[in-house]
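*Asks:* my questions are about this predicted structure, shown below with the sequence.
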Amino acid sequence: MSVIPNKNFILFTSALKAQIGVISFEERCKQTIESLKSIRKHFPDDVILFTDGSPVSIENEPIMQEIAKYVNGIVCWDQDSDLQNLAANGQKSAMETIMIFKMLIALKQNPELMKMMHDVKRIWKISSRTNLHDNFDVKEHDHYGKYVFKKRIQSWMPQERQEAITDNLLITRLYSFCPSLLDNYFGVLQNVFQDVLKYQIDTEHAHYKNIDKKYLIELDTIKCEGIVAGSGELEKY
């Protein structure tokens, strides 16, 4: 008798000691815990994996013991030369893209993680310091064979760059996709990485450019909010 997948897998991406942004390490730690509390409230029995791309080690920081209370696993990439170089150079979009790619590859290559994936109906990417609203509804993302993002936003790039590259973007603070799209998403991420470097665009423009729209569901609101690292401003989505 086959078991119907009923679990969510949340990839919680972080850079506690980032080289860019106006937010202090102490404030990032506080916001990260608040974020994890809000996510765990909506995903009480699901799998949350904390993955951090800081260019320096955070494993011995006191905050890690607190983070461990809310997650099922922690992966830090401070020993990975690819991610170290990108993070140290402030290449946030490229770094995050590679971190997600390597994390998902690990899911496919690790027997224990692959066994766990048999029970997963939805894979989520949620950026650290994202708080889910009380009316956040997990079921809005339950679309087999689809990516679910907040509705596309008109690009802010100059018109000539929009015409040459892409005229819209997809918010990547929170999105989800069906496990059946995992191999498809590997291809998307490879193209995203190439475009981020080639065109000097962010991952949000590159995601819109490279996701096949036949697989895309767009929601008017994804019912969350978060602090923008570059400005420290709160944005609601």
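*Replies:* Structure received. The structure presented is a predicted model; accordingly, all values stated were derived computationally and were not measured. Numbers count the residues shown, from 1 in each chain.

*Asks:* which residues in this protein form helices?
*Replies:* 25-42, 63-67, 81-88, 92-109, 111-117, 159-164, 182-199, 203-210 (DSSP state H).

*Asks:* so for T221, which of the ones you listed sits nearest?
*Replies:* T221 lies closest to helix 25-42 among the helices of the chain, at 15.0 Å (Cβ to Cβ). In this view, the C-beta of every residue, glycine as well, is placed from N, C-alpha and C.

*Asks:* which stretches of this structure aren't confidently modelled?
*Replies:* Scanning the chain for pLDDT under 70 picks out the ranges 1-3.

*Asks:* middle-most residue in it, spatially?
*Replies:* K125 (3.5 Å; Cα atoms, centre = their mean).

*Asks:* settle this for me: that residue is touching I100, isn't it.
*Replies:* Yes - between K125 and I100 a contact is recorded at 6.5 Å, counting by Cβ atoms under 8 Å.

*Asks:* tell me, what's touching those two both at once?
*Replies:* 11, 13 (Cβ atoms under 8 Å, 6 or more residues apart in numbering).

*Asks:* if we can go back for a sec, got the contact list for the residue nearest to the centre of the chain?
*Replies:* By Cβ under 8 Å, 6+ apart, the neighbours of K125 are 10-11, 13, 100, 172, 174-176.

*Asks:* how about residues contacting stretch 141-158?
*Replies:* Residues outside stretch 141-158 that contact it (Cβ under 8 Å, 6+ apart): 121-122, 124, 140, 161-162, 165-172, 174-178, 180-181, 185, 201, 205, 207-208, 211, 215-222, 237.

*Asks:* go through it and flag the buried ones.
*Replies:* The neighbour-count check on stretch 141-158 (16 or more other Cβ atoms under 10 Å) flags 141, 146-150, 152, 155, 157 as buried.

*Asks:* same question for stretch 175-184.
*Replies:* 175-179, 181, 184.

*Asks:* which residue is the nearest non-sequential neighbour of D137?
*Replies:* K223 (7.0 Å; Cβ to Cβ, 6 or more residues apart in numbering).

*Asks:* what is the burial count for the one you found?
*Replies:* By the criterion of other Cβ atoms under 10 Å, K223 has 18 neighbours.

*Asks:* equivalent analysis for C224, please.
*Replies:* As a measure of burial, C224 has 23 neighbours, counting by other Cβ under 10 Å.

*Asks:* and it, what are its bridge partners?
*Replies:* L132 (DSSP bridges).

*Asks:* surely it meets Y175?
*Replies:* No - using Cβ under 8 Å, C224 is not in contact with Y175; the gap is 10.8 Å.

*Asks:* quick one, what contacts A94?
*Replies:* A94 neighbours (Cβ under 8 Å, 6+ apart): 86, 193, 196-197.

*Asks:* could you dump those to TSV with distance to E61 and neighbour count?
*Replies:* Below are the contacts of A94 laid out as TSV (distance: Cβ to Cβ, whole Å; neighbours: other Cβ atoms under 10 Å):
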residue	distance to E61	neighbour count
L86	21	25
F193	29	22
V196	29	24
L197	31	15
